[in-house]
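Enquirer: Everything below, folded, please.
(one chain, ligands or ions: 2)
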Amino acid sequence: MMIKKILILVDNYVWFLYDIRGFCLIVDPGLSEPVIQLIEKEKWQPRAILLTHNHIDHTGGVQKIVERFPQITVFGPKETKQYGVNKIVTEGDKIIILDKIFYVFFTPGHTSGHVSYYSNPYLFCGDTLFSGGCGRVYLNKYLEMYNSIQKISSLPNNTFLCCSHEYTVSNLKFSIFLCPDDKLINLYFEKIKNRLILGKSSLPSYILFEKKVNLFLRTNEDSLKRAMGLKNSCTSFEVFLNLRLKKDFWS
Ligand SMILES: [Fe+2]
Ligand SMILES: [Fe+2]
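Expert: Ligands and ions are numbered 1, 2, ... in the order given. This is a model prediction of the structure:
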């Protein structure tokens with residue numbers, strides 16, 4: 001399987017997996033036109049759409065894409081039903097697309113029904129985890145979000161994180177504000193700034209690297225607790241909660 005992405009709206013990515021036969025799947029198409037254009041240019045035959053959650057910047061293109069390619073199956077959690085989903089997925093489901101197994105993980109927190117899709121080595125995690133950060137938590141589901149991120153971090157270290165937004169620079173600015181002496185985060189920030197200036201992307205990242213540069217995956221580190229003015233006795237979840245709230249007010 002090969003992977004490609006396009007940038008739409010302001011900072012959303014639509015991801016595509018495709019194979020040598022020209023079959024493809026589409027993840028979170030927030031718009032239809034650029035997706036249809038790419039499929040026609042590449043002469044792909046789209047087989048499926050995977051939706052992670054019910055926000056319009058992830059679902060807005062589904063209807064017109066299905067009108068153009070009616071053979072597509074649309075997979076998504078229950079909360080996306082109104083966007084043309086014809087196969088509802090939930091935790092533990094294994095779905096076969098392009099002859100590959102996709103495992104469905106329930107990853108709530110950003111929305112109450114958010115799911116992620118894993119097919120080795122790719123994880124499509126929507127708005128749950130970003131490079132250097134994590135998604136906003138709505139409906140007060142902080143513990144759910146924490147557990148979702150822990151679940152993602154338990155996947156193999158070489159898993160590619162195919163996140164839905166280009167938020168890396170802003171995430172790293174916040175991390176540097178909190179941990180100004182963190183060498184790796186500073187180096188990563190400089191590298192990504194330059195990549196974006198050249199019109200490139202920061203994604204996909206991968207799990208082993210995020211465990212080093214993403215503070216939301218380092219919530220059990222004493223140095224982070226110190227940097228945040230928290231007691232050493234704070235639990236990993238308490239650090240996560242503080243971090244997420246700080247980030248909400250910071251940006
Ligand atoms: Fe979202
Ligand atoms: Fe989003």
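Enquirer: what does the stretch 51-200 of the chain put close to ligand 2?
Expert: 57, 127 (CB under 5 Å from the ion). C-beta here means a position set from N, CA and C on the backbone, and glycine is covered the same way.
Enquirer: Might you enumerate the residues of the stretch 51-200 of the chain proximal to ligand 1?
Expert: Residues of the stretch 51-200 of the chain lying near ligand 1 (CB under 5 Å from the ion): 55, 127.
Enquirer: how about the helices of the stretch 51-200 of the chain, start to end?
Expert: Under the criterion DSSP state H, counting those that start in this stretch, helices of the stretch 51-200 of the chain are mapped to 56-59, 62-68, 142-153, 168-178, 183-197.
Enquirer: Run through the strands of the chain in chain order.
Expert: Remark: strands assigned in the chain by DSSP state E are 2-8, 12-18, 23-27, 45-50, 73-76, 87-88, 94-97, 100-106, 115-119, 122-126, 129-130, 133-134, 160-163, 205-206.
Enquirer: And the average pLDDT for the first one is what?
Expert: Pointing back at strand 2-8 there. For strand 2-8, mean pLDDT rounds to 98.
Enquirer: same check, this time on stretch 81-97
Expert: 97.
Enquirer: repeat for stretch 196-214
Expert: Stretch 196-214 comes out at a mean pLDDT of 97.
Enquirer: Next, the distance between the ends of that stretch.
Expert: Stretch 196-214 has an end-to-end distance of 19 Å (criterion: CA to CA, to the nearest Å).
Enquirer: swap in stretch 122-136?
Expert: Across stretch 122-136, first to last residue, CA to CA, it's 22 Å.
Enquirer: mind listing what's buried in that stretch?
Expert: 122-135 (16 or more other CB atoms under 10 Å).
Enquirer: cool, and stretch 2-18?
Expert: 5-6, 8, 12-18.
Enquirer: For those, give me a markdown table that also has distance to Ser175.
Expert: What follows is those, written out as a markdown table (distance: CB to CB, whole Å):
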| residue | distance to Ser175 |
| --- | --- |
| Lys5 | 24 |
| Ile6 | 27 |
| Ile8 | 26 |
| Asn12 | 22 |
| Tyr13 | 21 |
| Val14 | 27 |
| Trp15 | 25 |
| Phe16 | 30 |
| Leu17 | 30 |
| Tyr18 | 34 |
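Enquirer: Considering those, which is situated nearest to Val27?
Expert: Comparing the buried residues of stretch 2-18 against Val27 with CB to CB places Trp15 closest, at 4.1 Å.
Enquirer: could you measure the closest one against ligand 2, distance?
Expert: Using CB to the ion, to the nearest Å, Trp15 is found at 13 Å from ligand 2.
Enquirer: surely that residue meets Lys5?
Expert: Yes. Assessed by CB atoms under 8 Å, Trp15 is found in contact with Lys5 at 4.9 Å.
Enquirer: hmm, back to that, so for Phe249, which of the strands of the chain sits nearest?
Expert: strand 133-134 (14.3 Å).
Enquirer: Which strands and helices lie in contact with the closest one?
Expert: The contact analysis (3 or more CB pairs under 8 Å, 6 or more residues apart in numbering; DSSP states H and E) places strand 133-134 against helix 168-178.
Enquirer: try 10 Å
Expert: For strand 133-134, the packing partners by 3 or more CB pairs under 10 Å, 6 or more residues apart in numbering; DSSP states H and E come out as helix 142-153, helix 168-178, helix 236-250.
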